[in-house]
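*Asks:* sequence and computational prediction follow.
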Amino acid sequence: MATLNLKNLKKTYANGHQAIHGVDLDVREGELIVMVGPSGCGKSTLLRMIAGLEAITEGTLEIDQRRVNDLEPAERDIAMVFQNYALYPHMNVYNNMAYGLKNRGVDKAEIDRLVRQTAAILELDALLERKPGQLSGGQRQRVAMGRAIVRNPKVFLFDEPLSNLDAKLRVQMRIEIKRLQRKLGITSVYVTHDQVEAMTLADRLVVMNGGVAEQIGTPMDIYNRPQTPFVAGFIGSPAMNFIQAQLHEGALTLGDQTITLANPPDFNGAVVVGLRPEHMHRKPDYAHQLMLHIDLLEPLGADTLVYGRIGGSGDELVVRLNREFRNLDNQAILPLYFDCDELHLFCAKSQQRIN
Amino acid sequence: MVENRRWLTLFSHLVIWLGIALVALPLWIAFVASTHSSDMIMSGTLPFWPGEYMWENYSRILFGDAADAVGVSVSTLLLNSLIMALGIAIGKIVISMMAAYAIVFFEFRFRLFSFWMIFMTLMLPVEVRIIPTFEVVASLGLLDSYTGLTLPLIASATATFLFRQFFLTIPKEMLEAARVDGAGPIRFLFDILLPLSRTNIAALFVIMFIYGWNQYLWPLLVTNDENYYTVVMSIQRMLAVGDDEVAWNVVMPATVLAMLPPVLVVVLMQRLFVKGLVETEK
Ligand SMILES: Nc1ncnc2c1ncn2[C@@H]1O[C@H](COP(=O)(O)OP(=O)(O)O)[C@@H](O)[C@H]1O
Ligand SMILES: [Mg+2]
């Protein structure tokens, strides 16, 4: 078990492109941190800086309170699982797992013991003699995991390890990774662009945007209190609805309707209102109401997604209703109810949360 | 339709056999000629079937002097050719693999420049640079030596280029995984790059061995001492007898023997090719 500290880490590539604009993060022992963000936001860059595969331009990286900025990847005692697995194609599964240990001069008997033990954990026992070319995607993924686990590193790094698998296998492996990480208790940093993967795996989430960590917190924290519209829109599926509105003395004007907030923030002016699709309901058990002009229905089986807009506003909304809603009476305008506690208010100018 | 197809099959087989005959006949004639006495060949009509002088002809050139113009046995010539061909093939592979390794996997100043310099020498085959190269080799005192025979031919832009192209297909993550696994540049080269290049090396070995074996002009220039003659150039010496009659019973077995090693290399390496190809990983 180890701690990992990122102190104002910055990265500028040789071509002058600044990919990371200063990230601070303290990872506790045994914690699973998930870095999530859209493609190109710098997740891989940051992970590779931790791994030692990319030089750190500025800032300090510490593993177990020791500065490791200038150490080679192997000296940092980390292990990494790559998106394309990067298994050695000419070595069998056994040798793929043993290679890192061999290079460290671990003796043969010990290597054998560790490899077999790891293979047993990952149910790879029967595949030890196979070459990567003779394995399925899921099995290769396991070998890549095995290669990382077998060395018992201080920190595990994962760069989108599941994105080459099909949907079903992805869910399976996700659960397995979580279970393994718990069991082994190894401090881990996991990079993904998939917010479901991020929510389900993370002890704490780091939502990245344009080379900055926009918000760091537990998944539920981030779901419940996103600090910026970007985070709010990125976490949750379908994405949160945003409506341009005006807030004045506790009265919120949304299109052609006005709502009086129960706990109004001390703010007057243009705001962005966020309201999640799952927080609008058909039952009139909630304090506030808005009228939705229905455009389109998308039945998903368990739920039905309803697309539409509210009067006097151009912003498109999506609402998640249960499957019974099939718009049978052909009504074009649907009254929906919500609680003003579920509203997320952001200052339109500073893009920061205000409630 | 069926009838039609049978004629087509017959026709294509005919063409194939014709092609084979066209290529194989000269070889067969060379072999047949190598098994008859000199008189028999000189008489003008060469029999179609081998004669009974095979043992005599072959043992004579293998164990005695090859010809008056060449004062050493063909076994010596074959050995020289083998040393030269192996030296060139192995040397080329080692040098070009290392050059490609540096160009692809290391960041250094003038990297691209180095690549283009190497690439440009593609335009300079041995024959073009033969005089200056001879000058250099001569002033280094390397005439009549195996070093002189092989070294100047070892640098290879073609092989470097081929290795470079292959190395570029290796995912960057493979190198990174190896770094995380604690493999330095040397280990990466030997543990990962070399085994992955197996089929490329086999292919290049075949091509370069034959290239080295068939060198004619260069050994002709840099050897005066018969002990360093190669077999291919010696055949020419055997033929250059002026007004005397050519000793076909010597030239022909020497020719047949000179053809054997390249054939052997192709046949042996072909098995490795196929094995390598079958095992190729996705
Ligand atoms: N070697 C490089 N040189 C220059 N720019 C790079 C390099 N690698 C990545 N980048 C840029 O840095 C940004 C972040 O890349 P990356 O970390 O790979 O994003 P992510 O993994 O989040 O999709 C991108 O804009 C990308 O184009
Ligand atoms: Mg990435």
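*Replies:* The structure has been received and is ready for your questions. Ligands and ions are numbered 1, 2, ... in the order given.
*Asks:* wait, A:G274 sits on A:F234?
*Replies:* No. The criterion here is C-beta atoms under 8 Å, and A:G274 misses it with A:F234 at 11.7 Å. Quick note: C-beta positions are derived from backbone N, CA and C, even for glycine.
*Asks:* and stretch B:146-154, what's buried?
*Replies:* Residues of stretch B:146-154 classed as buried: B:148-154 (neighbour count, 16 or more other C-beta atoms under 10 Å in any protein chain shown).
*Asks:* closest one of these to A:D285?
*Replies:* A:D285 has its nearest neighbour among the buried residues of stretch B:146-154 in B:I154, at 85.9 Å by C-beta to C-beta.
*Asks:* and the residue lying closest to the closest one once chain neighbours are set aside, what helix or strand is that in?
*Replies:* Nearest residue to B:I154, sequence neighbours excluded (C-beta to C-beta, 6 or more residues apart in numbering or on different chains): B:G91, at 3.8 Å. According to DSSP states H and E, B:G91 maps onto helix B:74-105.
*Asks:* including distance to ligand 1, secondary structure and pLDDT, could the buried residues of stretch B:146-154 go into JSON lines?
*Replies:* Shown next, in JSON lines, are the buried residues of stretch B:146-154 (distance: C-beta to the nearest ligand atom, whole Å; DSSP: H, G, I helix; E, B strand; the rest coil; pLDDT from 0 to 100):
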{"residue": "B:G148", "distance to ligand 1": "46", "secondary structure": "helix", "pLDDT": "87"}
{"residue": "B:L149", "distance to ligand 1": "46", "secondary structure": "helix", "pLDDT": "88"}
{"residue": "B:T150", "distance to ligand 1": "41", "secondary structure": "helix", "pLDDT": "89"}
{"residue": "B:L151", "distance to ligand 1": "40", "secondary structure": "helix", "pLDDT": "89"}
{"residue": "B:P152", "distance to ligand 1": "40", "secondary structure": "helix", "pLDDT": "86"}
{"residue": "B:L153", "distance to ligand 1": "39", "secondary structure": "helix", "pLDDT": "86"}
{"residue": "B:I154", "distance to ligand 1": "35", "secondary structure": "helix", "pLDDT": "87"}
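*Asks:* mind jotting down where the helices sit in the stretch 101-250 of chain A?
*Replies:* Assigned helices in the stretch 101-250 of chain A, in chain order: A:108-121, A:137-149, A:167-184, A:195-201, A:219-224, A:229-234 (criterion: DSSP state H, counting those that start in this stretch).
*Asks:* what's the closest of these to chain B?
*Replies:* For these, distance to chain B was read as C-beta to the nearest C-beta. The smallest value, 7.6 Å, belongs to helix A:137-149.
*Asks:* other residues contacting that closest one?
*Replies:* With C-beta atoms under 8 Å, 6 or more residues apart in numbering or on different chains as the test, helix A:137-149 has contacts from A:79-82, A:85-87, A:93, A:96-97, A:99-100, A:118-119, A:121-124, A:127, A:132, A:135, A:156, A:161-162, A:164-166, A:169, A:172-173, A:177, A:180, A:184, B:177, B:181.
*Asks:* who's in contact with B:V126?
*Replies:* Contacts for B:V126 (C-beta under 8 Å, 6+ apart) come out as B:133, B:152-153, B:215, B:217-218.
*Asks:* I meant A:L297, not that one.
*Replies:* Taking C-beta under 8 Å, 6+ apart, one finds A:304-307, A:326-327 in contact with A:L297.
*Asks:* so which of the helices of the stretch 101-250 of chain A comes closest to A:D26?
*Replies:* Comparing the helices of the stretch 101-250 of chain A under C-beta to C-beta, the one sitting nearest is helix A:219-224, at 15.9 Å.
*Asks:* buried residues in that closest one?
*Replies:* Buried, per 16+ other C-beta under 10 Å, within helix A:219-224: A:219, A:222-223.
*Asks:* count the neighbours of the residue of the stretch 101-250 of chain B found nearest ligand 1 for me.
*Replies:* Per C-beta to the nearest ligand atom, the residue of the stretch 101-250 of chain B with the smallest distance to ligand 1 is B:K172, at 9.6 Å. A count of neighbours around B:K172, defined by other C-beta atoms under 10 Å in any protein chain shown, yields 12.
*Asks:* what do you get for B:I29?
*Replies:* Neighbour count for B:I29, taken as other C-beta under 10 Å: 13.
*Asks:* could you do the one 10 residues further on as well?
*Replies:* Other residues lying near B:D39 total 8 when counted by other C-beta under 10 Å.
*Asks:* for B:Y211, give me its contacts.
*Replies:* B:88-89.
*Asks:* make sure it is indeed in a helix.
*Replies:* Yes. Per DSSP: H, G, I helix; E, B strand; the rest coil, B:Y211 lies within a helix segment.
*Asks:* what does the stretch 51-200 of chain B put close to chain A?
*Replies:* Counting by C-beta under 8 Å from any C-beta of the partner chain, the residues of the stretch 51-200 of chain B close to chain A are B:171, B:173-174, B:176-183, B:187, B:191-192, B:195-196, B:198.
*Asks:* are any of the residues you listed buried, and if so which?
*Replies:* Buried by 16+ other C-beta under 10 Å: B:173-174, B:176-183, B:187, B:191-192, B:196, B:198, out of those.
*Asks:* about what we covered before: of all the helices of the stretch 101-250 of chain A, which lies closest to A:Y13?
*Replies:* helix A:229-234 (23.2 Å).
*Asks:* ok, and for the closest one, which residues are buried?
*Replies:* Across helix A:229-234, burial judged by 16+ other C-beta under 10 Å covers A:229-232, A:234.
*Asks:* hmm, back to that, show me how to select, in PyMOL, the buried members of the contacts of helix A:137-149.
*Replies:* Buried residues among those (16+ other C-beta under 10 Å), as a PyMOL selection:
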select buried, (chain A and resi 79+80+81+82+85+86+87+93+96+97+99+100+118+119+121+122+124+127+132+135+156+161+162+164+165+173+177+180) or (chain B and resi 177+181)
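*Asks:* out of the contacts of helix A:137-149, which sit inside strands?
*Replies:* Per DSSP state E, strands hold the following members of these: A:79-81, A:156.
*Asks:* turn those into a markdown table, columns for pLDDT and distance to ligand 1.
*Replies:* Output for those, formatted as a markdown table (pLDDT from 0 to 100; distance: C-beta to the nearest ligand atom, whole Å):
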| residue | pLDDT | distance to ligand 1 |
| --- | --- | --- |
| A:A79 | 94 | 19 |
| A:M80 | 94 | 14 |
| A:V81 | 94 | 14 |
| A:F156 | 94 | 17 |
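*Asks:* show me the buried ones among the residues of the stretch 51-200 of chain B next to chain A that map onto helices.
*Replies:* Under the assignment DSSP state H, these contribute B:173-174, B:176-180, B:187, B:196, B:198 to helices.
*Asks:* okay, residue 242: pLDDT?
*Replies:* Going with chain A. pLDDT, A:F242: 94.
*Asks:* chain B is the one I meant
*Replies:* 69.
*Asks:* next: the one 5 residues further on.
*Replies:* What the model reports as pLDDT for B:A247 is 75.
*Asks:* pretty sure B:H36 is touching B:T45, no?
*Replies:* No. Using C-beta under 8 Å, B:H36 is not in contact with B:T45, being 10.8 Å away.
*Asks:* those two: who's more crowded?
*Replies:* B:H36 (23 against 7).
*Asks:* OK, contacts around that one?
*Replies:* Shown in contact with B:H36 (C-beta under 8 Å, 6+ apart): B:46-47, B:50-51, B:53, B:249.
*Asks:* which residues sit in contact with the closest residue to ligand 1 within the stretch 251-355 of chain A?
*Replies:* Relative to ligand 1, the nearest point of the stretch 251-355 of chain A is A:Q351 (20.5 Å; C-beta to the nearest ligand atom). Listed by C-beta under 8 Å, 6+ apart, the contact partners of A:Q351 are A:228-230, A:272.
*Asks:* among these, find me the one that's closest to A:S188.
*Replies:* Looking across the contacts of A:Q351 and measuring by C-beta to C-beta, the closest to A:S188 is A:F230, at 24.7 Å.
*Asks:* who does the nearest residue to that closest one once chain neighbours are set aside form a beta bridge with?
*Replies:* Excluding its sequence neighbours, the residue lying closest to A:F230 (C-beta to C-beta, 6+ apart) is A:N209, at 5.2 Å. Taking DSSP bridges as the rule, A:N209 bridges to A:V212.
*Asks:* appreciated, that's everything.
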